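**Student:** what would the 3D arrangement of this be:
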Amino acid sequence: MLTALCSLASVATPLPAKEGQKGGAASSRRSSRPRQKSDSRIHLLHSDELFFDKAKNPDAQILRGHVRFRHDDVILTCDSACYYEQDNSFDAFGHVKMNQADTLTLTSRVLFYDGADQMAQARYDVVLTHFKSKLYCDSLDYDRLYDLGYFFQGGKLVDQDNVLTSEWGQYSPATREAIFNYNVDLTNPDFTLLSDTLHYNTGTAIARIVGPSNIDNGDNHIYSERGSYDTRAGHAYLLDRSIVSNKGTTITGDSLDYLEQGGTCRAYNNIVYVDKDNQNMFTGNYILYIDSIGYAEAADSAVCIDYSQRDTMYIHADTFKLYTYDIDTDSIWREMRAYYHVRAFRIDVQAVCDSMVYISRDSCLTMYDDPILWQQGQQLLGEEIKAWMNDSTIDSTHVIRQALSVERMDSISFNQVTGNIMRSYFLDGRMRQTHVEGNVLVNYYPLDDDSLMIGLLHAESSELKLFMGPEKLEKIWMPESEGKLHPLALIPPGERNLTNFQWFDYVRPIDKYDIFNWRPKKAGTELTKSVQHTRPKQRLGTGGAPARPKSAGKLTPSDAMRKE
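**Tutor:** Next up is the predicted model:
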């Protein structure tokens, strides 16, 4: 029986087991490399029996029982072997074990070893052990000259908690680098990675992604075609428009730095952050997102886009920060802050201010520092503007101090109302009622039944209420007041506009691209604040994310921007 195996092996040399297409590719790749023949001889150290079979295999020494060979620093043991002393090679059978330099062990049921080419070809139940890593396969060629092991009929690498499988691959003990191709699967108790091509280092446990790959970790999903993933630290650095998805949010960027602990993701250049649940997104060149505390930060050409309504709202600022409170309760709410040079555009409404905050708990949007709000032909400004939203549509506004409302009638005629405080209420996005208190001044152009201007009504009062219909003003209410109506042809010079009148049409964003073009008010037209307030300050630190308060319920909208 042994002589028959030796005869079969001698015919099969140098490839004793039948290989598939991928094995043939690996063999041709090795043969294309320049090879230097080794002069060192294989030494037979021991065998219980040694005999010849001149009829069946005249070139082989037949060895049985505790066979032991040495070649350079390699020791090989097996149950039986066919030793070709003239060719400096042998075939080994049964419990084959090869040890190299006390760091690498190769076991199999069959092995052919060529001492001149320094090539070992192992077949059936092959296990390559290097330090704590084990490579399991059925066919493996180990090239000692280039210190590479190739498998080509499927293999599995076990490296502590990581298990990698693929159809074809290679492993270098010198660099501890493994390359896997075709249906690669990296499984860990914490994640799975599926790819077509993957490089993995058993020393660092870092996987290098060089083809379309998907990483799943609970609620988190990563897609990338190029990058690296530290499997021990759960740290991924991804390139080429990679995508990180988590609980309805996705971040896409030219490069992503993702840390599983805390769900922290930093994205750089041409970023798109999408929150499908809340129907909004951010774009820009830098975004930080921390899933564990619900914190996000966007900067560098950052734009917040809300598409929850028929018309999309675009908001630009130097920096956006999103905080989440009561994150683990049913009362979760968010606060978005926009710092510096804020410009917003939607077809039906536009706004400009220096800083802004939106609180989801009461749907309140507050604008600070020379805020201006436009809706169609109306302009609203003051020291501070609050707008309460209803499904992203304005429900009411509250202008605090130096309030001024302007409605353009024609190129020179403007309805104007000013006072200390101005509250307006909307229905279906259109203003229906306005209540003004404190030092009220009015310049108003009443219309006749044919919608022609009658004249200019100028009035002064302590309070004013305006009631608007679908098309025009229906009613004006004031307590005791002083006023007079000037015919159009007899309007006195200088009384056409109130003393604090300003029409800031040159500041108004004209489309979604214009939000990047900051245009300040002309010198001398800025409001002089009657009460000094501190703008919302950014928190200094590396991450910028605040610790989540034990209870955020005591915060009021007016406190929100000043609590830092």
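
**Student:** could you tell me the end-to-end distance of stretch 482-499?
**Tutor:** With CA to CA, to the nearest Å as the measure, stretch 482-499 spans 17 Å from end to end.

**Student:** give the rounded mean pLDDT of it.
**Tutor:** Stretch 482-499 carries an average pLDDT of 88.

**Student:** ok, residues contacting it?
**Tutor:** Here stretch 482-499 makes contact (CB atoms under 8 Å, 6 or more residues apart in numbering) with 404, 412-414, 416, 418, 441-443, 446, 453-461. For glycine as for every other residue, the C-beta is placed from the backbone atoms N, C-alpha and C.

**Student:** what residues sit buried inside it?
**Tutor:** For stretch 482-499, the neighbour count (16 or more other CB atoms under 10 Å) marks His486, Ile491, Arg496, Leu498 as buried.

**Student:** of all the residues you listed, which comes closest to Cys82?
**Tutor:** Ranked by distance to Cys82 (CB to CB), these are led by Leu498 at 109.3 Å.

**Student:** I'd like to know how far that closest one sits from Leu441.
**Tutor:** Using CB to CB, to the nearest Å, Leu498 is found at 5 Å from Leu441.

**Student:** anything in contact with each of those two?
**Tutor:** Gln416, Thr418.

**Student:** I'd assumed Ala120 was in contact with Phe90.
**Tutor:** No. Using CB atoms under 8 Å as the test, Phe90 is too far from Ala120 to be in contact (10.4 Å).

**Student:** intersection of neighbour lists for these two?
**Tutor:** Residues touching both Phe90 and Ala120 by CB under 8 Å, 6+ apart: Phe112, Tyr113.

**Student:** returning to what we had before: now, which of the buried residues of stretch 482-499 lie within strands?
**Tutor:** Among the buried residues of stretch 482-499, the ones falling in strands (DSSP state E) are His486.

**Student:** so can I have TSV of the buried residues of stretch 482-499 showing distance to Leu193?
**Tutor:** Compiled in TSV, those are given as follows (distance: CB to CB, whole Å):
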residue	distance to Leu193
His486	78
Ile491	76
Arg496	72
Leu498	67
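
**Student:** which one of the buried residues of stretch 482-499 is nearest Asp277?
**Tutor:** Asp277 has its nearest neighbour among the buried residues of stretch 482-499 in Leu498, at 45.9 Å by CB to CB.

**Student:** got the phi/psi numbers for the closest one?
**Tutor:** Backbone geometry at Leu498, expressed as degrees, to the nearest 10, gives phi -70, psi 160.

**Student:** ok, now Leu63?
**Tutor:** phi -120, psi 140.

**Student:** neighbours of it, just the number please.
**Tutor:** Look at Leu63: counted by other CB atoms under 10 Å, it has 28 neighbours.

**Student:** so what's it closest to, chain neighbours aside?
**Tutor:** Leaving aside its chain neighbours, Leu63 sits nearest to Ser47 (4.0 Å; criterion: CB to CB, 6 or more residues apart in numbering).

**Student:** equivalent analysis for Cys304, please.
**Tutor:** Leaving aside its chain neighbours, Cys304 sits nearest to Ile315 (4.4 Å; criterion: CB to CB, 6+ apart).

**Student:** for the one helix or strand that neighbour maps to, which helices and strands make contact with it?
**Tutor:** Assessed by DSSP states H and E, Ile315 sits inside strand 313-316. Where contact means 3 or more CB pairs under 8 Å, 6 or more residues apart in numbering; DSSP states H and E, strand 313-316 is packed against strand 303-306, strand 333-346.

**Student:** want to throw those strands into a markdown table with mean neighbour count?
**Tutor:** Output for these, formatted as a markdown table (neighbours: other CB atoms under 10 Å):
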| stretch | mean neighbour count |
| --- | --- |
| strand 303-306 | 20 |
| strand 333-346 | 21 |
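
**Student:** just for the stretch 251-400 of the chain, where's the confidence low?
**Tutor:** By pLDDT under 70, the low-scoring segments of the stretch 251-400 of the chain are 392.

**Student:** tell me which stretches of it form helices.
**Tutor:** Assignment of helices within the stretch 251-400 of the chain using DSSP state H, counting those that start in this stretch yields no ranges at all.

**Student:** residues in a beta bridge with the residue nearest to Cys304, which ones?
**Tutor:** The residues listed as beta-bridge partners of Ile315 by DSSP bridges are Cys304, Ala344.
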